[in-house]
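>>> Turn this into a structure:
(chains A and B)
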Number of protein chains: 2
Amino acid sequence: MLKHAEAIVTIQESAVRRGGRDARRTIRMAPKIDMLPTLKRGLPVVEAMDAGQVERIHQASLAILEEVGVVFRDPIALADWKRAGADVRGERVHLDRGLVMDLISTIPPDITYYARNPDKNVELGGPNSIFVPMTGAPYVRDLDDVRRLPTIEDLGTFHKLSHMSPALHSSAHHIVEPMDIVVAHRHLHITYSSMKHSDKIFMGMTTSSRNAEDVLDMCEILFGPDFLDTHAVTTGNCNGNSPLVWDQVMLGAMRAFCRRNQPVLCSPFVLGGANTPASTAAAVAQLNAEALSALAYTQVIRKGCPAIYGHYLSTVSMQSGAPMAGTPEISLMNFMIGQMARRYNVPWRTSNLLGGAKVFDAQAGYESAMTMMAVLLSGANYIWHSAGWNEAGMHCSMAKFVVDAEVCAMGYRMTQGIQWGDFDEALAAVRDVGPGGHYLGHPHTQANFERAFFIPKLFDNNSVEQWKAEGGKDMNQRALKQARQMLADYQEPALDQAKDEELRDYIARRSREIPAVEALNDEY
Amino acid sequence: MLKHAEAIVTIQESAVRRGGRDARRTIRMAPKIDMLPTLKRGLPVVEAMDAGQVERIHQASLAILEEVGVVFRDPIALADWKRAGADVRGERVHLDRGLVMDLISTIPPDITYYARNPDKNVELGGPNSIFVPMTGAPYVRDLDDVRRLPTIEDLGTFHKLSHMSPALHSSAHHIVEPMDIVVAHRHLHITYSSMKHSDKIFMGMTTSSRNAEDVLDMCEILFGPDFLDTHAVTTGNCNGNSPLVWDQVMLGAMRAFCRRNQPVLCSPFVLGGANTPASTAAAVAQLNAEALSALAYTQVIRKGCPAIYGHYLSTVSMQSGAPMAGTPEISLMNFMIGQMARRYNVPWRTSNLLGGAKVFDAQAGYESAMTMMAVLLSGANYIWHSAGWNEAGMHCSMAKFVVDAEVCAMGYRMTQGIQWGDFDEALAAVRDVGPGGHYLGHPHTQANFERAFFIPKLFDNNSVEQWKAEGGKDMNQRALKQARQMLADYQEPALDQAKDEELRDYIARRSREIPAVEALNDEY
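Predicted coordinates for the structure are as follows:
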């Protein structure tokens, strides 16, 4: 891990300049796990639509909202919408374009996220983006490359790896589902694991409004009372039931987050061709209508609260009905959705490094990288599922997690754009070296090589002979070794003891209060 | 292969509409290996530099050409440059900016390539791009996944796979080096294999001016006398010796191609940090100067002959000195070079789907896909090394070849951009289906699904249970099976018998004339 961290550090303009063997030894003795600061976009985005086409999608979405309407399967939301002036017919809410645009106009274009370690605060919106690990996997592919049900210890392992990965800005929440914890209490232990093993920002569970309130109570313990009302510290995700339905569980959680001024991702869930038309443009129009309806509702709940334009994007395989990743249409839809979110001046979320491979093979690499490149060039802000995703989200791979995290660092560097600072100095080297020379010995090269060219650690560029001499390991094997090394080097970021105890007490109390086995109801 | 071809065919707007079981059976009996037409860009490119930065690179390159100069290690070129008015000092040619810009102004912005099958003619330049397989591998990773020295039969196998791959527009030339043919005669057999096994366009060897003349003579046999003088049928690659050197072998081959009006790729060979400054911007300025010097020389050789702005791009690993692929700086340099080529209004070439993995693992997938996405969004026209490249070009993998070809088809589809043709019709489906419904049964979906969403064949999106039931094969294993199936289905495209005999006679005669073992000299 140390070498890895060192290389990453050099990407940061603020890198510690090494002063020789002594300085190097000092660093080695106290491994400094730097997090890259908020990614500030230096590359232009891909505008797949011209202004007229953006307007065409916009108008089509408004027409859907007005004429088709959106179902809110939730009596509180329906009552809220009536009060807000919407045309509510049964569960179907018809939203006038004026009302929608008026509501979303109060969504803040930017969010500052506060972490328990202030060095790890990040910005979101406009040119500012962050990488967040995958979440929600019901299986883990573990350090022995075995696919199995995950435990709370596995989740902790992923939170540790998140903490150690410079390009990841968040430890997320249930990267894997801790199956050894009863469902009813899981949100408590997931949240504690995020808070304990990392000092980065994290996400909040939205599995019910009650669970969301627990998460937010725990945030108040960690950050102090009243802090949440004026500071974003966590993020809740609310998935839509495309086409055009929001359900009670998601809406209840949304209300919990918005009332405490915490950002939610308003995420239509697109399975292109299954729950959208078989057309990228029309799928985006529908998705955009869905996102607008939820974004508007956040402002009904609390005017001015932060909210994020979200979505999960896939196209569906005709053979299996399974969601696919990295397909050309997903890339196009990402470009398009970025344009729509920018039109509305709201931060937006997409999914990164997705794939459907069952193992960490070439398929996983192609799909993940195609996804990431499109995502980065679409200008996404909240770049979720950035590490570990495989098998269409059915498992999180420890090997892929550490590679994805490095690939994010590569994408980070690309998205920063071209460095011009030393251009004249570097051109002087062309004159010094001249035709037929070489640059390796030139002082400019020696001073700038590491900063100028990213050298990934998990990508083997040695000769085949050298590679064989080192055991002939493929990327999966190398990554598993790297993950083990990172965990060996892991140091827990100190958590205030009083707060830690208060969190544990909260979990103990809520675990007594919430029955371990409950009847299924609308709230769960 | 059939299923593969069928799926790809649907990408083409001109796809045969299937009319039921009979029509399906007919297609199955006579597998139609369609080639996708020239890729017409529908997506905007990524402009990593603003206009001022493009001008800054341009001016820096002109200053290098004027003040540092370029070495042409070739007496004929030096004499040519003197006649053209350049300031020649020894081997170093100082090129005045007026002279350079004047010379390159006569390079045609577009090229039409003619194939022996006119259905496979393609266009190059502006929005028009083509995919060309990798070449030059000294090793093959074969159908048994064994890395070994390649034979002429292996080369034929790759030419067959090129022929069968819809997204590949060329069969290239020495995809692998046929080590069982003596070096002195190799160019003859390579060229014949390209011509015989595929009816797509192909490349021409530039291993010496004499070999280039042989290739061009064979082209005259295939296309008829005088055809070449007015039609581009092949492409020669001329690598530079960066920094700022062009050698005699490359310049001799360049003259052979230009004199017969055949396009050459003017390809500086960038190992970023080793033979360029440790700065992406300055590396591009040097590369641009090198490319301009060679492009200008093509017009000294023959005013108005087609020529292509080329390059090979890598950054160098500090650990091993090896070239890396898919790094952020390579992506940035591709974006930048595209902008420079467009400024000069000349077609340009880059390299696709590169990687340094030793096996066809996740590394190969990540690197290849990151490269491709940047290449496609940089607007490259001649997209070389698009299939098979692995181990930094040291081997061509049969498995990776067929996957890369499918990934190119995915990239092709993305680069075409958004389809708007059925937008209103698809929106009508949103009204029909309404909230909570599904689209799979809707007539619009059934009519448009295949066309709307790319379904890759070599990417497994089945459940893990289904995947296990099918043998639990990773992408490498599935691709090897696919390659075998394609070769079983291969049908040789008929070649005029008289021409075939004439080509064989030519090879026989030249094999007698050229000593199998020659002393090394400047011309070989």
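
>>> Disregarding flanking residues, what is the spatial nearest neighbour of the closest residue to chain B within the stretch 1-150 of chain A?
Nearest to chain B in the stretch 1-150 of chain A, going by CB to the nearest CB, is A:V71, at a distance of 4.1 Å. (C-beta placed from N, C-alpha, C; glycine too.) Once flanking residues are discounted, A:V71 sits nearest to B:P435: 4.1 Å by CB to CB, 6 or more residues apart in numbering or on different chains.

>>> The residue of the stretch 1-150 of chain A closest to chain B reaches A:E91, doesn't it?
Yes. Contact criterion CB atoms under 8 Å: A:V71 and A:E91 qualify, at 4.9 Å.

>>> Tell me which of these two has more neighbours.
Using other CB atoms under 10 Å in any protein chain shown as the criterion, A:V71 and A:E91 rank with A:V71 on top: 21 against 18.

>>> re the thing from before, residues in contact with the residue nearest to A:V71?
B:P435 sits next to A:68-71, A:92, A:243-245 when contact means CB atoms under 8 Å, 6 or more residues apart in numbering or on different chains.

>>> Show me the residue sitting in the middle of chain A in space.
Centroid-nearest residue in chain A, with CA atoms, centre = their mean: A:W384, separated by 1.9 Å.

>>> contacting residues for the closest residue to it other than its chain neighbours?
Counting by CB to CB, 6+ apart, A:V132 is the residue found nearest to A:W384 once chain neighbours are left out, at 4.7 Å. Taking CB under 8 Å, 6+ apart as the criterion, A:V132 is in contact with A:168-170, A:172, A:203, A:382-386.

>>> Recalculate using a threshold of 10 Å.
A:122, A:162, A:168-173, A:175, A:200-203, A:235, A:349, A:351-352, A:382-387, A:408 (CB atoms under 10 Å, 6 or more residues apart in numbering or on different chains).

>>> Up against chain B, what does the stretch 151-300 of chain A have?
Counting by CB under 10 Å from any CB of the partner chain, the stretch 151-300 of chain A comes close to chain B at A:241-246, A:271-286, A:289-290.

>>> rewinding a little: specify the local secondary structure of the residue nearest to A:V71.
On the three-state scheme (DSSP: H, G, I helix; E, B strand; the rest coil), B:P435 is labelled coil.

>>> quick one on the thing from earlier: now the common contact residues for A:V71 and A:E91.
With CB under 10 Å, 6+ apart, A:V71 and A:E91 have common neighbours A:78, A:245-246, B:435-436.

>>> In PyMOL, select just the buried ones from those.
The following PyMOL line selects those of the shared contacts of A:V71 and A:E91 that are buried, judged by 16 or more other CB atoms under 10 Å in any protein chain shown:
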select buried, (chain A and resi 78+245+246) or (chain B and resi 435)
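
>>> In a markdown table, list the shared contacts of A:V71 and A:E91 along with distance to A:D102 and pLDDT.
Shown next, in a markdown table, are those (distance: CB to CB, whole Å; pLDDT from 0 to 100):
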| residue | distance to A:D102 | pLDDT |
| --- | --- | --- |
| A:L78 | 20 | 98 |
| A:V245 | 23 | 98 |
| A:W246 | 20 | 98 |
| B:P435 | 23 | 97 |
| B:G436 | 27 | 96 |
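
>>> bridging residues for the residue nearest to A:S397 when sequence neighbours are not counted?
Nearest residue to A:S397, sequence neighbours excluded (CB to CB, 6+ apart): A:R141, at 4.1 Å. Applying DSSP bridges to A:R141 yields these beta-bridge partners: A:R147, A:S397.

>>> My understanding was that A:R141 contacts A:W389; is that so?
No. The criterion here is CB atoms under 10 Å, and A:R141 misses it with A:W389 at 11.1 Å.

>>> Between these two, which contacts overlap?
Contacts common to A:R141 and A:W389, judged by CB under 10 Å, 6+ apart, are A:395-397, A:400-401.

>>> So which of A:R141 and A:W389 has more stuff around it?
A:W389 (33 against 28).

>>> Now that one: phi and psi?
A:W389 adopts backbone torsions of phi -60, psi 130, taken as degrees, to the nearest 10.

>>> For it, give me its contacts.
A:133-137, A:175, A:325, A:351-356, A:364, A:367-368, A:371, A:395-397, A:400-401, A:404.

>>> A helix includes A:L458, no?
No. When the secondary structure is assigned by three-state DSSP, A:L458 falls in coil instead of a helix.

>>> That's all I had, so thanks and see you.
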